[in-house]
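Engineer: coords please:
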Amino acid sequence: MSAVPTPPAGSSRRELGAFLRSRRERLTPGNVGLPHAPGRRTPGLRRAEVAELAGISVSWYTWLEQGRVRTSEQVLRAVSRVLRLDAAETAHVLSFVQDGGPPADAPTWVSPNLLSLVQAMTPHPAVVLDPHWDLLAWNAGYAALLTDPARLHPKQRNLLWLVFRWPPARTLLADWEHEARALLGQFRSRAARRPDDPRFAELTDELLSDGDAARWYERRETAGFQPSVRRFRHPAVGELRLRYVKLAAVDEPGHHFLAYLPDDGDSEDALDRLRSGQ
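Structural biologist: Sure thing, here's the model as predicted:
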């Protein structure tokens, strides 16, 4: 470690510092095995307590929260353990020192091969997303399950926009709050690593105009992708249980292929009915 902090930093380091501070303030001394002192005014743990438990100097930890230093994975893992971060939160913290984020210049086009795969999935809904969750390609099954993105303004062809700003989503997604918070947590974690990306800034402004999104965003909630079964309540065909599958497109860096696969026979029949318009 250097004995001198670097100059006040870019917003990504400030974001990391703010996240660590928010997690420090939610803990009590008892959470980490320390005695509670009467008359304590500091919310949560003190910086000195985190530093001592993590095995680093108080000055270094203070500079870390202030966004004034770069640090190592080893230090961030130690701090994550002290702050009792869960797996998604730890991955978020480590992402600030690991190279592996989405490329800043991901292509805005979809190759014929990937487009053919999307179309071949019909009647199973499928879509290609870019690093901002913008919809680049979709099939008829996806349009029937949600809405046809071709009818939306290009800036609205985005999974975050659909979940938070498209009103039918709150009834179409049976577990809307759970799904929405998880998606927002993934978005927040990714956007924090691209502080100067204008599309992330544009989407953040749009999302924060929604009261629920603004409240959850302020809490600095983060999440990682988890394969699971999503439940839909579709006005035309009733309830569907669909497994959410996400794959990285190796030959198109930054793009992901998403497919919704039926979890039971009733859901398979419902997708067929959606596709045929019955």
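Engineer: which SS class is the residue at the greatest distance from the centre of the chain?
Structural biologist: Using Cα atoms, centre = their mean, the residue of the chain lying farthest from its centre is P38. It sits 38.9 Å away. The three-state label for P38, taken from DSSP: H, G, I helix; E, B strand; the rest coil, comes out as coil.
Engineer: tell me the pLDDT of it.
Structural biologist: Here the pLDDT value assigned to P38 is 70.
Engineer: show me which residues of stretch 18-38 are buried.
Structural biologist: For stretch 18-38, the neighbour count (16 or more other Cβ atoms under 10 Å) marks A18, F19, L20, R21, R23, R24, L27, P29 as buried. Where C-beta positions appear, they are placed from N, C-alpha and C, glycine not excepted.
Engineer: G185: which of those is nearest?
Structural biologist: G185 has its nearest neighbour among the buried residues of stretch 18-38 in F19, at 11.8 Å by Cβ to Cβ.
Engineer: out of the buried residues of stretch 18-38, who's nearest L64?
Structural biologist: Closest to L64, out of all of the buried residues of stretch 18-38 and judged by Cβ to Cβ, is L20, at 6.7 Å.
Engineer: can you tell me how far the closest one is from S267?
Structural biologist: Distance, L20 to S267, by Cβ to Cβ, to the nearest Å: 42 Å.
Engineer: give me the distance between A88 and G185.
Structural biologist: When distance is defined by Cβ to Cβ, A88 is 7 Å away from G185.
Engineer: please enumerate the shared neighbours of these two.
Structural biologist: Listed as contacting both A88 and G185 by Cβ atoms under 8 Å, 6 or more residues apart in numbering are T222, A223.
Engineer: who has more neighbours, those two?
Structural biologist: More crowded of A88 and G185, by other Cβ atoms under 10 Å: G185, with 21 against 18.
Engineer: find the residue closest to the more buried one in space, skipping its chain neighbours.
Structural biologist: Nearest in space to G185, with sequence neighbours left out and distances taken as Cβ to Cβ, 6 or more residues apart in numbering, is A223 at 3.0 Å.
Engineer: with A88 instead?
Structural biologist: Nearest residue to A88 in three dimensions, chain neighbours excluded: G224, at 4.3 Å (Cβ to Cβ, 6+ apart).
Engineer: OK, contacts around the one you found?
Structural biologist: A87, A88, A91, Q186, S189.
Engineer: could you count how many residues lie near the first one?
Structural biologist: The reference is to A87. Here the count is done by other Cβ under 10 Å, and A87 has 10 residues near it.
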